[in-house]
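Trainee: Test case, fold it:
(2 chains)
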Amino acid sequence: SAVISQKPSRDICQRGTSLTIQCQVDSQVTMMFWYRQQPGQSLTLIATANQGSEATYESGFVIDKFPISRPNLTFSTLTVSNMSPEDSSIYLCSVDLAGETSSYNEQFFGPGTRLTVL
Amino acid sequence: GEDVEQSLFLSVREGDSSVINCTYTDSSSTYLYWYKQEPGAGLQLLTYIFSNMDMKQDQRLTVLLNKKDKHLSLRIADTQTGDSAIYFCAEKDTGRRALTFGSGTRLQVQP
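Mentor: Below is the predicted model of the structure:
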């Protein structure tokens, strides 16, 4: 399994500002993902973050709005830029362990960052 | 594109079995997952099944997969009040490795 931590756990921000969310994993993983869960909704993939390459964004998400860093195999950041109230969501990082230290195909999620934009 | 659908709500009495259903459209799905989300909490991986399997059992949980109909179900035996949560099914396709989630089923367990 993998233990994933996120910082901050929650924040209240003013519109127009930016927030950087950190995701730390207790083991080295190749593939990390960032998801968004809007209030009362399911999870939507924002981007895939592989170490050593540019993040790959899903339709509807752009790098200028959600820049991602992946400096090493245990850490990633997601920035929510120029925030508006529509960005109020839970942001979750996850890791896929397939092909890592075992043959398992488990995907684990961090506890999430609950963002409220006023 | 991929699409995963679930019914929104299920109510059962404590001690009964719960069956949560899910349908998906992507025929290249390799793994299918069930996650549990309690209020204010993150996602807990409950179980997953490889697409060439029909059934997987893990203690009180039984996963059934009908690949022909692209139908997945999660059965919780002897449902307890602590099982009250939102349950998400998700599928992973061959190349992408990211998950596509269903809308979630809110399970309410009545004492």
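
Trainee: Tell me how far the element among helices and strands of chain A having the smallest mean pLDDT lies from the chain's centre.
Mentor: When the helices and strands of chain A are scored by mean pLDDT, DSSP states H and E, strand A:107-109 comes last with a mean of 90. Strand A:107-109 sits 11 Å away from the centroid of its parent chain (C-alpha atoms, centre = their mean, to the nearest Å).

Trainee: Distance from the chain centre to the helix or strand following that strand, please.
Mentor: Downstream of strand A:107-109, the next assigned helix or strand under DSSP states H and E is strand A:113-117. Strand A:113-117 sits 13 Å away from the centroid of its parent chain (C-alpha atoms, centre = their mean).

Trainee: again, but for stretch A:69-83
Mentor: Put simply, stretch A:69-83 sits 7 Å off its chain's centre (C-alpha atoms, centre = their mean).

Trainee: how long is it end to end?
Mentor: Stretch A:69-83 stretches 18 Å from its first residue to its last (C-alpha to C-alpha, to the nearest Å).

Trainee: any idea of the mean pLDDT in that stretch?
Mentor: Average pLDDT, stretch A:69-83: 95.

Trainee: Mind listing what's buried along that stretch?
Mentor: Neighbour counts using 16 or more other C-beta atoms under 10 Å in any protein chain shown place A:70, A:73, A:74, A:76, A:77, A:78, A:80, A:81, A:83 of stretch A:69-83 among the buried residues. Any C-beta I mention is one placed from the backbone N, CA and C, and that applies to glycine too.

Trainee: for stretch A:44-59, same thing?
Mentor: Neighbour counts over stretch A:44-59 (16+ other C-beta under 10 Å) mark A:45, A:46, A:47, A:48, A:49, A:50, A:51, A:55, A:57, A:58 as buried.

Trainee: repeat for stretch B:30-41
Mentor: Buried residues in stretch B:30-41, defined by neighbour count with 16+ other C-beta under 10 Å: B:30, B:31, B:32, B:33, B:34, B:35, B:36, B:37.

Trainee: now do stretch B:59-70
Mentor: Buried positions in stretch B:59-70, judged by neighbour count with 16+ other C-beta under 10 Å: B:62, B:63, B:64, B:65, B:70.

Trainee: Quick one: residues in contact with it.
Mentor: By C-beta atoms under 8 Å, 6 or more residues apart in numbering or on different chains, the residues outside stretch B:59-70 that reach it are B:23-25, B:27, B:29, B:32, B:34, B:46-49, B:51-57, B:71-78.

Trainee: Give me the subset of those residues that also touch chain A.
Mentor: Among the contacts of stretch B:59-70, the residues within reach of chain A (C-beta under 8 Å from any C-beta of the partner chain) are residue B:48.

Trainee: The contacts of stretch B:59-70 in strands, which ones?
Mentor: Using DSSP state E, the members of the contacts of stretch B:59-70 that fall within strands are B:23-24, B:29, B:32, B:34, B:46-49, B:55-57, B:71-76.

Trainee: Just the buried subset of the residues you listed, written out for PyMOL, thanks.
Mentor: Buried subset of these, written as a PyMOL selection, criterion 16+ other C-beta under 10 Å:
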select buried, chain B and resi 23+24+29+32+34+46+47+48+49+56+72+73+74+75+76
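
Trainee: list the contacts for residue A:57?
Mentor: A:46, A:47, A:63, A:66.

Trainee: From these, which land in strands?
Mentor: Among the contacts of residue A:57, DSSP E puts A:46, A:47 in strands.
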